[in-house]
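In: the sequence isn't on hand, but the structure is:
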């Protein structure tokens, strides 16, 4: 595996600057393409799975986090409140769940609406110590792929199972393999909500889901969220450090704290259960893992440049630019490496991380064909240009890790 901090800068994906601050990376154009492609993929995956997307502010009143329990159990990882006047303090949010709970509470709900799946790609902030910050994997400003499912107790297992299945789909598309699954449980100390009966119910539900799916897992005592147990999908970076990328959590606590309810078939008020889930979790950490896993040779659907167009000589430069325009119409990202940028061999080496290298000589232009070189070293016989672009477009839309 590769160190994403070094490679991310070499490939002009992201960088940091002391003037902006530690743990606050900025995304350069190629990195922004990777991030946007990943975010678009996740949104589409969620939409097809029945999620509705929302937006919520990155600030909230201190009272919001006192009610949710974050202030009591998580304050050391939060930035200090911003004073807006007497008895009015705003906090940069450390998570999205309190906002989503308030959003659910803002409208009446019937049992017919459940499960209600609320998703957001939103910003949140952690007051990480300078010594633990690094590249994209540990940052202070996080873009979180988050969702909260409000459901009945009978629906919890199915929703948790569905979330794990979505995670598996996403990992296949990204070419990632989890190092292990961890059932994260509470440990000693006072950082957890003291409701043992709720912990037991939630833990039993997650154990049931893992066993039904046949997923091997290990227990992690002391790794739970302060409000409930969780299934964590673990990955390992280039230095051998393990971290959580995806998670599924069952929460009985916050629905009580926010007095959430829905009207059941009996006409009475009932308390929903809140299932927290993140398919890729922190976008920053996900991209860090992708850089390290693929060494910058991303799956075609994520690659900043998907097609390198290589005219044999300057006489073919014009045709290469016309082909680039055809690619743009097909929503494919192409770049012309013109003949004045060096020999064909040198340009092929420069484009070694690009999934598809298309060589254009006089014969290809005359016949409207393309000689395709794949990133893995395969060379394909010349084929009609339209067929080549259609085939590449199909692979990209399928979010496939296979090139051809």
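Out: Yep, that arrived. Keep in mind that what you see is a predicted model, and the values were worked out from it rather than measured.

In: over to the spatially closest residue to residue 361 that is not a sequence neighbour: give its phi and psi.
Out: Spatial nearest neighbour of residue 361, chain neighbours left out: residue 312 (4.1 Å); criterion: C-beta to C-beta, 6 or more residues apart in numbering. From N, CA and C alone the C-beta is placed, and that goes for glycine too. The phi/psi pair for residue 312 (degrees, to the nearest 10) reads phi -60, psi -40.

In: repeat that for residue 116.
Out: phi -100, psi 110.

In: now the one 3 residues further on
Out: Backbone torsions of residue 119, given as degrees, to the nearest 10, read phi -120, psi 150.

In: pull the residues that contact the helix or strand of the chain with the lowest mean pLDDT.
Out: Here the helix or strand of the chain ranked lowest by mean pLDDT, DSSP states H and E is helix 70-74, holding a mean of 88. By C-beta atoms under 8 Å, 6 or more residues apart in numbering, the list of residues contacting helix 70-74 from outside reads 62, 65, 66, 78, 94, 95, 98, 191, 192, 193, 226, 227.

In: now do stretch 92-106
Out: Against stretch 92-106 from outside (C-beta under 8 Å, 6+ apart): 54, 56-60, 64-65, 67-68, 70, 74, 77-79, 82, 116, 118, 120, 122, 124-126, 144, 146, 148, 150, 251, 254-255, 257-260, 272, 274, 276.

In: also stretch 160-172?
Out: With C-beta under 8 Å, 6+ apart as the test, stretch 160-172 has contacts from 41-42, 45-46, 49, 147, 149, 177-178, 205-206, 209, 212-213, 215, 231, 233, 246, 248, 250, 275, 277, 279-280, 401.

In: inside strands: which ones of those residues?
Out: Mapping those onto strands (DSSP state E) picks out 147, 149, 231, 233, 246, 248, 250, 275, 277, 279, 280.

In: from those residues, which is closest to residue 338?
Out: The nearest member of the ones in strands among the contacts of stretch 160-172 to residue 338, counting by C-beta to C-beta, is residue 280 at 36.6 Å.

In: that closest one: what's it in contact with?
Out: 38, 42, 145, 170, 174, 245, 246, 286.

In: and the last one, what are its phi and psi?
Out: The main-chain torsion angles of residue 286 are listed as degrees, to the nearest 10 and equal phi -60, psi -40.

In: and the residue nearest the centre of this protein?
Out: For the chain, the residue nearest the mean C-alpha position is residue 280 (3.4 Å; C-alpha atoms, centre = their mean).

In: list the buried residues of stretch 205-221.
Out: 205, 206, 209, 210, 215, 217, 220 (16 or more other C-beta atoms under 10 Å).

In: and residue 337, how far from residue 359?
Out: Distance check for residue 337 against residue 359: by C-beta to C-beta, to the nearest Å, it reads 10 Å.

In: any common contacting residues for these two?
Out: Shared contacts of residue 337 and residue 359, counting by C-beta under 8 Å, 6+ apart, come down to residue 310.

In: low-confidence stretches in the stretch 51-200 of the chain?
Out: 190 (pLDDT under 70).

In: how far is stretch 197-217 from where the chain is centred?
Out: 24 Å (C-alpha atoms, centre = their mean, to the nearest Å).

In: circling back to that earlier point, so how do I select the buried members of the contacts of stretch 160-172 in PyMOL?
Out: Remark: buried members of the contacts of stretch 160-172, expressed as a PyMOL selection using 16+ other C-beta under 10 Å:
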select buried, resi 41+42+45+46+49+147+149+178+205+206+209+215+231+233+246+248+250+275+277+279+280+401
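
In: can you map out the strands along the stretch 151-300 of the chain?
Out: Assigned by DSSP state E, counting those that start in this stretch, the strands in the stretch 151-300 of the chain fall at 180-185, 218-221, 230-236, 242-251, 262-263, 269-270, 273-282.

In: any chance of those in TSV, with distance to residue 305 too?
Out: TSV is the format used below for those (distance: least, C-beta to C-beta, whole Å):
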stretch	distance to residue 305
strand 180-185	34
strand 218-221	40
strand 230-236	26
strand 242-251	26
strand 262-263	49
strand 269-270	53
strand 273-282	22
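
In: closest one to residue 26 among those?
Out: strand 273-282 (16.0 Å).

In: that closest one pairs with which strands?
Out: Within its sheet, strand 273-282 is paired with strand 141-151 (antiparallel), strand 242-251 (antiparallel), according to DSSP bridges.

In: including distance to residue 374, could those strands go into TSV?
Out: Listed next are the strands paired with strand 273-282 as TSV, based on distance: least, C-beta to C-beta, whole Å:
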stretch	distance to residue 374
strand 141-151	31
strand 242-251	29
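
In: ok, which of those comes nearest residue 377?
Out: The nearest among the strands paired with strand 273-282, by C-beta to C-beta, is strand 242-251 at 30.3 Å.

In: now do the buried residues in the closest one.
Out: Buried-residue list, strand 242-251, by 16+ other C-beta under 10 Å: 243, 244, 245, 246, 247, 248, 249, 250, 251.

In: of all these, which comes closest to residue 304?
Out: residue 245 (21.6 Å).

In: now do the contacts for that closest one.
Out: 176, 178, 233, 234, 235, 280, 281, 282, 285, 286, 289.

In: tell me how many other residues surround residue 259.
Out: When neighbours are defined as other C-beta atoms under 10 Å, residue 259 has 11 of them.

In: can you tell me how far it is from residue 276?
Out: Counting by C-beta to C-beta - residue 259 and residue 276 are separated by 18 Å.

In: same question for residue 218.
Out: 21 Å.

In: same question for residue 29.
Out: Taken as C-beta to C-beta, the span from residue 29 to residue 276 is 33 Å.

In: neighbour count: the two, which is higher?
Out: Neighbour count, other C-beta under 10 Å: between residue 29 and residue 276, residue 276 has more, with 23 against 9.

In: that one reaches residue 252, doesn't it?
Out: No: using C-beta atoms under 8 Å, residue 276 is not in contact with residue 252; the gap is 11.8 Å.

In: what's around residue 390, how many residues?
Out: 12.

In: hmm, back to that, distance to residue 6 and pLDDT for the buried residues of strand 242-251 - can I get that in TSV?
Out: Output for those, formatted as TSV (distance: C-beta to C-beta, whole Å; pLDDT from 0 to 100):
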residue	distance to residue 6	pLDDT
243	18	90
244	23	93
245	21	95
246	25	97
247	28	96
248	33	97
249	34	94
250	39	93
251	39	92
